[in-house]
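Participant: sequence and predicted model, in that order:
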Amino acid sequence: MMSSKIFSQNSSHKDVSQLRQKYYPHHGGPQDDFIYAFLSIIKDGTNDFQDIKNKMRKLFISIMRQHYIRDENIDDYLKICLEKKYVFEANNEIINLTKKGELYLEDCKTILDHSSYWFQKLLSENSVVLITAISLIFLSFIKIIFGLAAASHGMFSEGLENLTDLIKIPIILVIGIKLKKDKLGSILIIFLMIFAGVMMIYTSIDALMNLAPIDVTSEIIMITLISIAINSGLSYYKSLVGRSTGNMSLLMDSKDSEFNVLISLGVLIGLLSAIFKLYFVDAIVAIIIALFVIKEAIEILIEITSKKENFDILNLNVKADRIYKNLLAKHFLAKIKEQKLECDELIGDFCEGLELGRKYFQVWADFNYSLLGAQIARKHLDTLIQQELLLLNNEKLILSEKGHEYLKRIRHQERFTHVDYYLKSKKNRKLDLIKYNLPENKLFNFFKWILVILSFFFVGFIFWLLYFFINLGLNWLLMLVIW
């Protein structure tokens with residue numbers, strides 16, 4: 001079998017697409033499929049069915065759609081593998097792979113190597129810097145033009161703030177990544193955040209002293225909404241890559257994107273107020289948000305510089321932490337519902353399951369977050385106990401009423417992938433819906449196709465906006481040259 005790097009260079013996307021269509025004709029891949037994990041455990045020499053169950057119950061991968069793998073799920077995996085002749089059962093619940101099962105594993109490994117390679121590319125520092133730069137150039141360009149056209153100081157200031165954000169790109173690349181001076185890069189980014197906040201206050205005070213009507217158009221509101229969406233996405237993306245690489249500069253830049261979302265929300269409030277001729281709201285909201293940004297930046301700066309030893313980046317709360325927080329909460333609560341374990345046993349099982357996930361699912365197990373382990377798991381477990389979702393009873397963890405209610409609320413989020421991939425007949429599908437208490441998904445499929453159609457229209461609209469903004473920008477530039 002080839003490594004993901006060799007595969008990506010010597011094999012085509014077409015080869016992988018054919019394999020994916022063969023085994024996963026509808027959607028997904030091995031990273032969504034616990035049948036692959038089930039067979040991989042057998043291939044590694046665990047043949048006793050009870051031992052297989054013990055390992056499968058511990059398995060954890062970040063992309064998992066099941067909160068926890070239950071015994072009835074594993075019974076289904078065996079049933080499916082027997083039907084597909086991936087395994088055969090010897091005496092005393094001893095399970096062995098067939099040639100067909102080995103071929104299936106090899107093909108799935110090829111698909112997984114390919115997807116992991118490109119996912120790792122996406123999660124690299126160079127990719128996040130490039131995508132951030134393109135996004136900032138686009139946003140600053142349209143905000144400055146439309147901010148001037150609409151006389152919106154909030155939007156114009158936001159456009160300037162996006163331009164100053166571009167200065168952070170070489171800081172991250174040179175100081176944070178090349179020179180490995182992460183702390184220095186983070187401090188410089190914080191100073192730029194403070195500078196941007198001060199400039200926002202200055203321009204907003206000037207706007208208050210010289211109130212002018214704001215021309216609110218649908219295009220301006222659309223730009224603001226697009227800005228909120230892009231900055232929210234960048235905040236998650238940069239924090240995810242920052243966590244996986246341990247790059248403090250990227251984590252600090254993700255905080256800056258969070259502040260940009262607040263600024264865009266402030267602009268939106270100012271625009272909506274301008275509809276009712278309340279033009280002063282735009283500047284006041286901008287000042288309030290700028291003061292908040294400066295306050296947060298100074299607090300982070302003090303925390304970083306006050307410590308003589310290296311600053312622990314785990315103390316910095318970023319958007320990506322919510323992904324792991326939610327995943328671990330669902331996994332721990334669902335597991336304790338099925339088993340009574342002590343804290344150390346739960347953490348030990350999690351670490352063992354995570355290592356299995358990393359072994360079989362590569363980057364999909366932890367989104368390249370190498371620090372994910374016992375320390376972070378313990379932190380999230382302590383939070384669940386503090387929130388009284390879990391209780392301690394004679395040193396054993398038990399699910400509280402609050403925890404039961406939480407699991408009920410998130411029940412609809414859980415998906416059993418083997419239901420979608422393997423139980424094709426209507427009879428089996430109906431039985432499985434009853435068994436796992438799942439809703440019939442005809443309506444879901446209908447809305448899924450509606451969303452696919454709408455996404456095509458949205459992409460077309462984005463291209464139209466790009467054409468419109470470029471055309472408008474060229475016209476403005478021509479007018480300035482003539483003037």
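Facilitator: Ah, there it is. Numbers count the residues shown, from 1 in each chain.
Participant: quick one: the strands in this protein?
Facilitator: Using DSSP state E, the strands found in the chain span residues 87-89, 95-97, 390-393, 396-399.
Participant: residues touching the third one, excluding its own?
Facilitator: Residues external to strand 390-393 that are found in contact with it (CB atoms under 8 Å, 6 or more residues apart in numbering): 332-333, 336, 343, 381, 384-385, 397-400, 403. C-betas here are computed from N, CA, C, even on glycine.
Participant: same thing with the second one?
Facilitator: Residues external to strand 95-97 that are found in contact with it (CB under 8 Å, 6+ apart): 39, 42-43, 47-49, 52, 78, 86-90, 105.
Participant: which of the contacts of strand 390-393 count as buried?
Facilitator: 332-333, 336, 343, 381, 384, 397, 399-400, 403 (16 or more other CB atoms under 10 Å).
Participant: the stretch 51-200 of the chain: helices as residue ranges?
Facilitator: Using DSSP state H, counting those that start in this stretch, the helices of the stretch 51-200 of the chain run over 71-83, 99-122, 125-150, 153-170, 182-209.
Participant: what angle do the third one and helix 153-170 make?
Facilitator: Spelled out, it's helix 125-150. Orientation check (axes from the mean of the first three to the mean of the last three CA atoms, to 10 degrees): helix 125-150 against helix 153-170 gives 160 degrees.
Participant: which helices and strands sit right next to helix 125-150?
Facilitator: Packing partners of helix 125-150 (3 or more CB pairs under 8 Å, 6 or more residues apart in numbering; DSSP states H and E): helix 153-170, helix 218-245, helix 248-275, helix 442-482.
Participant: tell me which residues in stretch 226-244 are buried?
Facilitator: So for stretch 226-244, counting by 16+ other CB under 10 Å, buried means 226-228, 230-232, 234-244.
Participant: what does the pLDDT read for residue 381?
Facilitator: Residue 381 carries a pLDDT value of 92.
Participant: same thing with residue 389?
Facilitator: At residue 389, the pLDDT value in this model is 91.
Participant: any idea how far residue 353 is from it?
Facilitator: Taking CB to CB, to the nearest Å as the criterion, residue 389 is separated from residue 353 by 20 Å.
Participant: not counting its neighbours along the chain, what's nearest residue 241?
Facilitator: residue 128 (4.5 Å; CB to CB, 6 or more residues apart in numbering).
Participant: show the contacting residues for the one you found.
Facilitator: Per CB under 8 Å, 6+ apart, neighbours of residue 128: 237-238, 241, 250.
Participant: is it possible to get TSV of those that adds distance to residue 203 and pLDDT?
Facilitator: TSV is the format used below for the contacts of residue 128 (distance: CB to CB, whole Å; pLDDT from 0 to 100):
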residue	distance to residue 203	pLDDT
237	29	89
238	26	89
241	32	88
250	28	83
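Participant: out of those, which is nearest to residue 300?
Facilitator: residue 250 (14.2 Å; CB to CB).
Participant: would you mind measuring from the closest one to residue 172?
Facilitator: Distance from residue 250 to residue 172, by CB to CB: 6 Å.
Participant: which one of these two has more residues nearby?
Facilitator: The neighbour count for residue 250 versus residue 172, taken as other CB atoms under 10 Å, is higher for residue 250 (31 against 27).
Participant: low-confidence bits of the stretch 301-450 of the chain, can you list those?
Facilitator: 307-314, 412-413, 415-450 (pLDDT under 70).
Participant: thanks a lot, catch you later.
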